[in-house]
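Chemist: Predicted model, plus sequence, below.
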Amino acid sequence: MAERAANIRLRDDFFLLIDGALTDNGERLEVINPADGQVFARCPKAGRTQLDAAIAAARRAQPAWSERSFAERAAVIAEYTQRVREHRDKLAELLTREQGKPLFESVAEIDRSAAQADALTGIELRPEVLVDNDRGRIELHYRPLGVVGIITPWNAPAALALLAMASALYTGNTVVIKPSPYTPLTTLKLGELAQGIFPPGAVNILAGGDELGAAMTESPGIDKISFTGSVATGKRVMANAAGTLKRVTLELGGNDPAIVLDDADPAKIAQRIFYACFVNTGQVCMAIKRIYAHTSVYERLCEALVIEAQRAKCGNGLDPDTTLGPLQNAMQFDKVVEIFEDTRRAGGRFLVGGEIPSGPGYFLPPTFVTDIAEDSRLVREEQFGPIVPILKYSDLDDAVRRANDTRYGLGGSVWTSDPERGREIAKRLEVGTAWVNQHRASSAHVPFGGAKESGLGRQYASLGLKGYMEPQVVSVSAM
Ligand code: NAD
């Protein structure tokens with residue numbers, strides 16, 4: 001297996017993967033390095049013809065792929081993740097160039113998702129016996145859905161493609177994957193690495209614009225959409241999928257609150273809270289996006305977080321000293337700059353950061369703001385950038401009410417020196433994942449997804465894997 005992996009050399013140019021063949025249709029997407037705002041690569045841009053060919057190939061490949069056992073499919077996926085690991089350094093460098101995150105985070109993204117894919121494909125999905133008595137036996141089985149369309153955003157393109165792909169393939173489906181037009185390159189390389197390991201047509205990868213995603217959601221040849229992206233697009237996906245009653249899993253945005261209790265020790269938790277806010281420069285669905293601090297710890301927490309922000313080093317992700325890269329694209333940069341300006345107009349007090357560099361590159365400093373109204377844009381919206389409000393509370397019920405007063409419901413956390421007390425309060429948060437003394441922890445064995453408008457369905461664990469399958473009751477009468 002290792003020998004086979006070592007024999008593959010990644011090419012310098014980029015291709016779509018359709019029906020097992022690396023393909024170029026002549027159309028081009030330009031890819032910008034967010035650290036300098038310059039186009040640094042071009043790759044093929046798929047259109048309707050390539051989508052139709054990919055869907056047809058996926059449909060042809062699906063019956064034979066689904067006839068293999070879980071163990072057989074897991075073995076093929078393990079061969080693939082091994083090959084991905086062999087090429088980790090090259091993939092990570094490309095990921096940093098197109099996405100902006102520090103190189104050590106790109107390495108971690110590839111390593112972690114390969115490990116998580118392996119863990120996912122070790123989860124057993126057995127039929128359940130619902131009734132077994134003298135009148136008969138009723139079993140609940142799970143059948144593959146068919147072809148899964150996977151649509152990913154630009155903040156963690158490698159992880160989100162790899163994990164959805166592993167889930168769909170393991171459960172007997174074939175896939176058509178479309179990364180964000182801002183970050184197509186690493187995903188196309190994941191396609192190049194898939195060539196020769198999976199049967200032709202089982203994995204198809206198409207770079208393309210938003211219209212290609214819309215075409216996928218409408219196509220009768222796709223049975224399920226696994227979508228990760230914004231709430232606004234998620235709603236469009238669901239509306240478009242209704243035409244063919246496609247299954248959908250929607251992993252959408254968040255506005256995660258962190259509630260810091262009166263018994264928390266700011267010196268102990270500040271670093272963890274800082275990185276839960278600003279890893280990937282705040283462009284993480286389950287980042288902390290609002291902090292509610294009890295009045296008794298508020299001043300000390302602000303001071304400790306300011307020190308963490310001052311220690312951070314913003315810069316090009318390829319520079320080994322960098323801890324925070326740029327925003328990923330000009331659109332997101334402009335959106336976060338607007339939030340900086342709106343926060344200033346609304347009278348927010350900037351504890352640290354707040355200045356907008358003149359460029360080049362889409363850099364913004366880690367910024368904490370206090371004295372900002374609960375109905376400000378910074379508190380109400382998903383900022384998805386390096387600016388986080390620290391809000392004061394004196395009554396815990398009031399803090400929980402404010403934390404829950406949002407249309408989002410992805411994650412939330414409680415910080416305390418008493419984990420048992422934390423657990424009780426965490427249960428009151430209206431979110432898919434409520435953490436205590438941590439935020440963002442995830443694993444292949446733990447279902448992940450959003451409550452309210454943060455999503456629909458779950459990824460990972462047997463609950464997530466079953467989302468890639470259709471439940472089927474087999475009911476046998478004893479006669
Ligand atoms: P986006 O919604 O703009 O785009 C996501 C993907 O959808 C892209 O590939 C895009 O081309 C495609 N797309 C756009 N319009 C489409 C349409 N009409 N039909 C089908 N596909 C379409 O999101 P983004 O700005 O790339 O990503 C940032 C968002 O993603 C944030 O809100 C973030 O919180 C969210 N996110 C969520 C999770 C999670 O697991 N919950 C993880 C990462 C990111």
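Modeler: Received, thanks. What you see is a predicted model; the values in this text were computed from it and never measured.

Chemist: Outside of stretch 187-195 itself, which residues are in contact with it?
Modeler: Contact with stretch 187-195 is made by 8, 10-11, 14-17, 20-22, 43, 80, 83-84, 87, 90-91, 94, 152, 157-158, 161-162, 165, 177, 179, 203-205, 207, as judged by CB atoms under 8 Å, 6 or more residues apart in numbering. (C-beta placed from N, C-alpha, C; glycine too.)

Chemist: Selection in ChimeraX covering whichever of those are buried, please.
Modeler: Buried residues within the contacts of stretch 187-195, by 16 or more other CB atoms under 10 Å, are selected in ChimeraX with:
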select :14,15,16,17,20,22,43,80,83,84,87,91,94,152,157,158,161,162,165,177,179,203,204,205,207
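
Chemist: tell me, which of the contacts of stretch 187-195 make contact with the ligand?
Modeler: Near the ligand, judged by CB under 6 Å from any ligand atom, the entries from the contacts of stretch 187-195 are residue 152.

Chemist: Which ones among the contacts of stretch 187-195 map onto strands?
Modeler: By the criterion of DSSP state E, membership of the contacts of stretch 187-195 in strands covers 16-17, 21-22, 43, 177, 203-205.

Chemist: Flag every residue of the stretch 151-300 of the chain that's near the ligand.
Modeler: 151-156, 178, 180-181, 210, 213-214, 217, 228-230, 233, 236-237, 251-254, 285.

Chemist: Now with 5 Å, please.
Modeler: Where the stretch 151-300 of the chain comes near the ligand, counting by CB under 5 Å from any ligand atom, the residues are 151, 153-154, 180, 210, 213-214, 228-230, 233, 236, 251, 253, 285.

Chemist: Quick one: residues in contact with the helix or strand harbouring residue 143.
Modeler: Secondary structure assigned from DSSP states H and E places residue 143 in strand 136-144. Residues outside strand 136-144 that contact it (CB under 8 Å, 6+ apart): 62, 66, 125, 127-132, 171-173, 466, 468-478.

Chemist: try 10 Å this time
Modeler: Contact partners of strand 136-144, identified using CB atoms under 10 Å, 6 or more residues apart in numbering, comprise 62-63, 65-67, 73, 125-132, 168-174, 223-224, 462, 465-466, 468-479.

Chemist: Low-confidence stretches in this structure?
Modeler: Applying pLDDT under 70 to the chain flags residues 1-7.

Chemist: tell me the contacts of whatever residue of it ends up closest to the ligand?
Modeler: Proximity of the chain to the ligand (CB to the nearest ligand atom) peaks at residue 213, 2.3 Å away. Listed by CB under 10 Å, 6+ apart, the contact set of residue 213 reads 149, 151-152, 178-181, 206, 225, 227, 229, 233, 236-237, 240.

Chemist: sorry, back to before: out of the contacts of strand 136-144, which sit inside strands?
Modeler: 128-132, 174, 224, 469-477.

Chemist: Report the buried residues of whichever strand or helix holds residue 216.
Modeler: Element membership of residue 216 [criterion: DSSP H and E] is helix 210-218. In terms of neighbour count (16+ other CB under 10 Å), helix 210-218 has its buried residues at 212-213, 215-217.

Chemist: Could you export that helix as CSV, CA atoms only?
Modeler: The C-alpha coordinates for helix 210-218 follow below in CSV (Å, rounded to 0.1, in the frame of the first residue of the first chain):
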residue,chain,number,x,y,z
ASP,A,210,-21.9,29.0,-7.3
GLU,A,211,-24.1,28.1,-10.4
LEU,A,212,-22.5,24.7,-10.5
GLY,A,213,-23.6,24.1,-6.9
ALA,A,214,-27.1,25.2,-7.8
ALA,A,215,-27.1,22.8,-10.8
MET,A,216,-26.1,20.0,-8.5
THR,A,217,-28.9,20.7,-6.0
GLU,A,218,-31.5,20.6,-8.9
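
Chemist: Grab the most central residue of the protein for me.
Modeler: Centroid-nearest residue in the chain: residue 160, 5.0 Å away (criterion: CA atoms, centre = their mean).

Chemist: Please, where are all the strands along the stretch 251-400 of the chain?
Modeler: 256-260, 288-294, 349-352, 367-370, 387-393 (DSSP state E, counting those that start in this stretch).

Chemist: Report the beta-bridge partners for residue 476.
Modeler: In this entry, residue 476 is beta-bridged to residue 137, by DSSP bridges.

Chemist: what's the helix ranked longest in the chain packed up against?
Modeler: If you go by DSSP state H, the chain has its longest helix at helix 48-67. Applying 3 or more CB pairs under 10 Å, 6 or more residues apart in numbering; DSSP states H and E, one finds that helix 48-67 contacts strand 16-18, strand 21-23, helix 70-86, strand 136-144, strand 147-151, strand 174-178, strand 203-205, helix 210-218.

Chemist: Are that helix and the ligand in contact anywhere?
Modeler: No - contact between helix 48-67 and the ligand is absent, the nearest approach being 11.9 Å (criterion: CB under 5 Å from any ligand atom).

Chemist: Distance from the chain centre to that helix, please.
Modeler: Chain-centre distance of helix 48-67: 25 Å, with CA atoms, centre = their mean, to the nearest Å.

Chemist: In that helix, which residues are buried?
Modeler: Those would be 50-51, 53-59, 61-62, 65-66, for helix 48-67 by 16+ other CB under 10 Å.

Chemist: of all those, which two lie farthest apart?
Modeler: Spanning the widest gap among those are 50 and 66, at 23.9 Å by CB to CB.

Chemist: got a list of what the residue nearest to residue 421 when sequence neighbours are not counted touches?
Modeler: The spatial neighbour of residue 421 that comes closest, neighbours along the chain excluded (CB to CB, 6 or more residues apart in numbering), is residue 261 at 7.2 Å. Residue 261 makes contact with 292-294, 296-297, 396, 399, 414-418, 421-422, 425 under the criterion CB under 10 Å, 6+ apart.

Chemist: One more pass at 7 Å, please.
Modeler: 294, 414-416 (CB atoms under 7 Å, 6 or more residues apart in numbering).

Chemist: Next: residue 351.
Modeler: For residue 351, the contacting residues are 302, 306, 368-370, by CB under 7 Å, 6+ apart.

Chemist: rerun at 8 Å
Modeler: Residue 351 sits in contact with 302, 305-306, 368-370, 390, where contact means CB under 8 Å, 6+ apart.

Chemist: Check residue 199 too.
Modeler: Residue 199 neighbours (CB under 8 Å, 6+ apart): 20, 61, 64-65.

Chemist: what comes up buried for stretch 72-90?
Modeler: 73-74, 76-88.

Chemist: Specify which member of those residues is nearest to residue 386.
Modeler: Among the buried residues of stretch 72-90, and counting by CB to CB, the member closest to residue 386 is residue 88, at 27.0 Å.

Chemist: I'd guessed that closest one sits against residue 108; true?
Modeler: No - checked against CB atoms under 8 Å, the pair residue 88 and residue 108 is beyond contact range at 10.1 Å.

Chemist: Which one of the contacts of residue 261 is nearest to residue 279?
Modeler: Nearest member of the contacts of residue 261 to residue 279, counting by CB to CB, is residue 415, at 16.8 Å.

Chemist: Roughly how far does the closest one sit from residue 325?
Modeler: 26 Å (CB to CB, to the nearest Å).

Chemist: Check residue 445 too.
Modeler: From residue 445 to residue 325 the distance is 30 Å (CB to CB).

Chemist: same check, this time on residue 216
Modeler: Using CB to CB, residue 216 is found at 29 Å from residue 325.
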